[in-house]
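> For reference, the sequence and a predicted model appear below.
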Amino acid sequence: MAKNQIVVVDIGTNTIKLIQLMQTGSEIRLISGGVEHYPRQNATEDIDPQTISQTLQQLWKKVHGRNLPVVLSIPRLLVASRRLQNLPAAATDEQLPGLVAMQAENELPFRVEDVVHDYHDVSRTESGISVELIGARRDAVQKYIDYLKPIGVLPKAVLPSAIATGVLASAKLGLQETTRMTMVVDIGAGHTDVVLISGTTLKFSRSFLVGGNQLTLRYQNEDGGDFESAERKKIENATLAVNRPNATPAHEWAARLVLELERSIAAAKREININEEEETQIWLCGGGARVPGLADYIEDRLGIPVRLWNPFDAFKEIGVDQASDFQSVDEFGDTLAVAFGLGINAFTQRVRLDLLPKEEKAKLTQAEKRRRLITAAAAGVVLIIGLTLGGLTWSRSYQAKVDVLDRQIRSIRRAESNAKKMLVKDTAIVNLLAPRISPLDILRELSVRFSDRTKVSWKSLNLTRLDEVDKAKITFNVEASSDQEISQMISIMAQSRLFTNIKSGQVTSAGKDKKQVFQAQITCNLAADASQTFAKARHLQPAEESQNGDDSEEFTQAQDEEERENTDRSDQEEDASRDDSTTSADDNQRTQEEQASSESTEETKETRERVVMPLEVEFEEGSADVIIEDVDDKDYKDYDDKDDIVNIVMEKDDDEDYDDDKDDIVIEKDDDGEDR
């Protein structure tokens, strides 16, 4: 149900008028409207409640007011009005309803248990409080409420027709900023409502039984016809023009109307103390005001300015949304003072008055609770259904996503497994192809550098951290016949691009086999590019195939040149030795040669025993350290060729594990003198 929409029901003597309004911000929009006539045989008959309800049902369907709040008007003729004066000035707003209720028992012409009353127009002065008391018989109000039962609605508020007309007129007068006294005369079919407004404040209201049906009845009595014929004749002939006879039914009817207006003015003067000199005007509206010449007739009789007032035009001027459906009510807009006033008051609460019985208010409250409960239950059911469907949909969607993720995970796992296998293979290949330094590379380089093993004897060799070139360290102990030989060995190693930081410990001398020998410990590190250099030495390429082979070739040539220099130096020393031998005495020459030959043979054998020997290499678990030590094995003493090529072959243990067991490096000699 739209909270900013409302349906107004005005149940009149001949017609039911119904409009639907919507509040849009500060504006009010006319959504739709309609008028429905009762079937009537004569002007005086009372329409039965069933006919009224059926007519209302027909109009309700046209206006489409279903499920919207409804406000209802009742005739001012059913209402009694009293001005209560001199209420205690100290009374608060909370105390005022009780005080008015006590006064109502004495002021209203109904028994207190039969009356429905309310009040408005509260005026506070130093001397006291005055209010406008409005009351009506409970059964009269209930009769109009019951008319709505067939359409299944209960009004949220009940307002007298004259009060509703006053609300619309006050809103219109507020636009003019007038201070004059205005009397609004709404001439209906069965009665006429009079509303007196001072400035924009409703001060007085009255209703009397003079309406359009009384004029129709006069024409019906003349001709004796039915109501419809008399109604048409009234519309065609009723006029108050000055050139017409004064004895017509219209003049008789108008004279009665003026008489009631005079009585209303007199009553207003008594009740609200109207100033005789105060400027006053009269507005005429309603179906009865359509009689030609009526405004001039009343003005001539009362001496007060009179003009026709169209409530529909006034409604358009009071902040009305231009999207309103004006066409739906344009033909009967001058009869909608009550309907428009009732709707405006429902939105703006200009007059805080409501004659809805307490019992009906309780029913309305219960109905509102039931409606909210039903709405909440319906919303709950919809929510549960939505959650259920949403849960199922979400569950299916979630399961589908899980399945997709499972498939993706399985695919990723397969890809991961394949990637791991490929990585293992690639790592193995990289490890195989990556330049590495092995003890064999070091031994080969030393063997090439020091091909003459008769001058320097290697006693031990210790290799550590070969897996990290920048941290690799080579330590060996040597013996030589002189300290110059040790210095010369260090110089030869310094010429190599593979060894850096060559350092010699303290050179000591010792006697061994009746000879003086010099001993020293030498340490060095490997060059940063040693891995690449060793790799090039292992895998030499022809120059025409790759430019990269140039470095390896230059390296090999440098090694050959160094070998030749070492050989030439040895030859020169031998020649010098021979020259010295020839200058000796003839008788000692043979003895010396034999002795020198014997010593040389022993020294050579002794050197070979030290140099040409089997080596045992120990690989310590978790490191790349290599320790080479002497092994006593007399089977290798028979090597007597100092130019033999020494081959080093690493043999696996039976358990094929290099981490914890010792592997043997066996020095073997090929038949052709080449490495195997």
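Right, received. Where do you want to start? Residues are numbered from 1 along each chain as shown.
> how distant is the helix or strand that contains Leu446 from the center of its chain?
With elements taken from DSSP states H and E, the one containing Leu446 is helix 439-449. How far helix 439-449 lies from its chain's middle: 73 Å, per Cα atoms, centre = their mean, to the nearest Å.
> That helix - contacts with which helices or strands?
Packed against helix 439-449 by the contact rule (3 or more Cβ pairs under 8 Å, 6 or more residues apart in numbering; DSSP states H and E) you find strand 456-464, helix 530-538, helix 549-582, strand 647-651. For every residue, glycine as well, the C-beta is placed using N, CA and C.
> per-stretch mean pLDDT over the ones you listed, give me the minimum one.
Here the lowest mean pLDDT among these goes to strand 647-651, at a mean of 39.
> for the host helix or strand of Ala377, packing partners?
For Ala377, the host element (DSSP H and E) is helix 358-433. When contacts are defined as 3+ Cβ pairs under 8 Å, 6+ apart, helix 358-433 packs onto no helix or strand at all.
> Using PDB, write out every CA atom in the helix holding Leu446.
What follows is helix 439-449, C-alpha atoms only, in PDB (Å, rounded to 0.1, in the frame of the first residue of the first chain):
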ATOM      1  CA  PRO A 439      90.200 -33.600  -8.100                       C
ATOM      2  CA  LEU A 440      91.200 -35.100 -11.400                       C
ATOM      3  CA  ASP A 441      91.300 -31.600 -12.900                       C
ATOM      4  CA  ILE A 442      93.600 -30.400 -10.200                       C
ATOM      5  CA  LEU A 443      95.900 -33.500 -10.400                       C
ATOM      6  CA  ARG A 444      96.000 -33.200 -14.200                       C
ATOM      7  CA  GLU A 445      97.000 -29.500 -14.100                       C
ATOM      8  CA  LEU A 446      99.700 -30.200 -11.500                       C
ATOM      9  CA  SER A 447     101.000 -33.200 -13.500                       C
ATOM     10  CA  VAL A 448     101.300 -31.100 -16.600                       C
ATOM     11  CA  ARG A 449     102.900 -28.200 -14.800                       C
END
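> Which positions within it qualify as buried?
Within helix 439-449, the residues scored as buried using 16 or more other Cβ atoms under 10 Å are Pro439, Leu440, Asp441, Ile442, Leu443, Arg444, Glu445, Leu446, Arg449.
> Between those, which sits nearest Asp10?
Proximity of these to Asp10 (Cβ to Cβ) peaks at Asp441, which lies at 117.2 Å.
> residues in contact with the residue nearest to the closest one when sequence neighbours are not counted?
Excluding its sequence neighbours, the residue lying closest to Asp441 (Cβ to Cβ, 6 or more residues apart in numbering) is Phe534, at 4.3 Å. Phe534 makes contacts with Pro435, Ile437, Asp441, Glu445, Leu498, as judged by Cβ atoms under 8 Å, 6 or more residues apart in numbering.
> can you check Asp223 too?
By Cβ under 8 Å, 6+ apart, the residues touching Asp223 are Ser229, Ala230, Lys233.
> Any quick ChimeraX command for the buried ones out of those?
Buried residues among those (16+ other Cβ under 10 Å), as a ChimeraX selection:
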select :230,233
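> Columns distance to Leu364, secondary structure and pLDDT on top of the contacts of Asp223, output as a markdown table?
Below are the contacts of Asp223 laid out as a markdown table (distance: Cβ to Cβ, whole Å; DSSP: H, G, I helix; E, B strand; the rest coil; pLDDT from 0 to 100):
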| residue | distance to Leu364 | secondary structure | pLDDT |
| --- | --- | --- | --- |
| Ser229 | 44 | helix | 87 |
| Ala230 | 42 | helix | 86 |
| Lys233 | 45 | helix | 87 |
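> Switch the contacts of Asp223 over to a markdown table; also include distance to Ile429.
Output for the contacts of Asp223, formatted as a markdown table (distance: Cβ to Cβ, whole Å):
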| residue | distance to Ile429 |
| --- | --- |
| Ser229 | 120 |
| Ala230 | 120 |
| Lys233 | 121 |
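> ok, the contacts of Asp223 vs Arg256, which is closest?
Arg256 lies nearest to Ala230 out of the contacts of Asp223, by Cβ to Cβ, at 17.3 Å.
> Just to check, that closest one is in contact with Gln214?
No: using Cβ atoms under 8 Å, Ala230 is not in contact with Gln214, being 11.4 Å away.
> who touches both of the two?
Counting by Cβ under 8 Å, 6+ apart, the common neighbours of Ala230 and Gln214 are Ala43.
> Would you map the helices across the stretch 251-400 of the chain?
Assigned by DSSP state H, counting those that start in this stretch, the stretch 251-400 of the chain shows helices spanning 294-302, 311-317, 337-348, 358-433.
> beta partners of Ser504?
Under DSSP bridges, the beta-bridge partners of Ser504 are Ile522.
> didn't it look like it was pressed against Ile490?
Yes: the criterion here is Cβ under 8 Å, and Ser504 meets it with Ile490 at 5.7 Å.
> Could you dump the contacts of Phe534 into TSV and include distance to Asp223?
Shown next, in TSV, are those (distance: Cβ to Cβ, whole Å):
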residue	distance to Asp223
Pro435	134
Ile437	140
Asp441	144
Glu445	149
Leu498	145
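> Between which two of these is the distance greatest?
Greatest spacing in these, by Cβ to Cβ: Pro435 and Glu445 (14.6 Å).
> number of nearby residues for Thr508?
By other Cβ atoms under 10 Å, the residues close to Thr508 number 11.
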